[in-house]
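Chemist: here is the input, now give the coordinates:
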Amino acid sequence: MNKEEGKILGIIGGMGPLATNIFYQKLIDMTPAKRDQDHINMIILSHATMPDRTESIRSGDLSVLLNKLQEDAVFLEKSGADCIAIPCNTSHVVMDDLQRSVSIPIINMVRETVAYLLDECDCHNQKVGIMATNGTIEARIFQNEMEPKGLIPIVADPENQRKLMHIIYDGVKAGLPVDSADFESVEDQMRREGCKKIILACTELSCYAMEHQMSDIFVDAMEVLTRKVIGLCK
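Modeler: From the prediction side, this is the model:
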């Protein structure tokens, strides 16, 4: 691709493949375009064999995950990408170290989502639910970004967190049907606890949202990332 044809987006995907597909679809759907040439030039690297992010966090050793992500980021930079997006929330556990490996910006989906909650949803000093993997919750990826800015993070109780992991791993990632009652159980808990908004903080949950009617209490981190990418690349 020629730089004169516009900015090039690099995507580190495959975490999981369906989530990357949904992200690409969102970019197509949300880009104001009337012809092929109005869309964003991009390089999609679907690294499906990337180590499981939650397992990496729980092992206490993030070095293999970081090294593989660094290799991908460097590859995309050398291939001409002007910026990088990673449609995987849990991978953001190594985002700061990953950013130092390249000179082009890596769009921080977690940071952008928190900014959206503050700027667009007026969630200052409000409770905000986090629907995410065990790894994202245990590594406090969202909590550490939210708390200094005055947001009050609310996570699922142990039983509802188990239901979330069942949705993510045994449902979406496995390509099998999801029991919407499990999702609704988590939503009900967070509503009872007074959450003003609930973040879909796992891209597999973004996939779930594509197939179900969602209320306006939800903020989809992948959709926030999509808007940011379009703003930077168009």
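
Chemist: please enumerate the strands of the chain.
Modeler: For the chain, applying DSSP state E gives strands covering 8-13, 41-46, 83-85, 127-131, 152-155, 197-200, 218-220.

Chemist: next one: the fifth one to chain centre, how far?
Modeler: Meaning strand 152-155. Taking CA atoms, centre = their mean, to the nearest Å, one finds strand 152-155 lying 17 Å from the centre of the chain it belongs to.

Chemist: and that strand, what does it pack against?
Modeler: Identification of packing neighbours for strand 152-155 by 3 or more CB pairs under 8 Å, 6 or more residues apart in numbering; DSSP states H and E yields strand 127-131, helix 143-146. C-beta: built from backbone N, CA, C; applies to glycine.

Chemist: for the protein, which helix is longest?
Modeler: When the chain is parsed with DSSP state H, its longest helix is helix 63-78.

Chemist: export that one to PDB, keeping only CA atoms.
Modeler: Below are the C-alpha coordinates for helix 63-78, written out as PDB (Å, rounded to 0.1, in the frame of the first residue of the first chain):
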ATOM      1  CA  SER A  63       7.100 -12.500  28.900                       C
ATOM      2  CA  VAL A  64       6.000 -14.900  26.200                       C
ATOM      3  CA  LEU A  65       2.800 -13.000  25.600                       C
ATOM      4  CA  LEU A  66       4.600  -9.700  25.500                       C
ATOM      5  CA  ASN A  67       7.400 -11.000  23.200                       C
ATOM      6  CA  LYS A  68       4.800 -12.300  20.600                       C
ATOM      7  CA  LEU A  69       2.800  -9.100  20.700                       C
ATOM      8  CA  GLN A  70       6.100  -7.100  20.300                       C
ATOM      9  CA  GLU A  71       7.000  -9.200  17.200                       C
ATOM     10  CA  ASP A  72       3.600  -8.500  15.700                       C
ATOM     11  CA  ALA A  73       3.700  -4.800  16.500                       C
ATOM     12  CA  VAL A  74       7.200  -4.400  15.000                       C
ATOM     13  CA  PHE A  75       6.100  -6.400  11.900                       C
ATOM     14  CA  LEU A  76       3.100  -4.000  11.400                       C
ATOM     15  CA  GLU A  77       5.300  -0.900  11.800                       C
ATOM     16  CA  LYS A  78       7.800  -2.200   9.300                       C
END
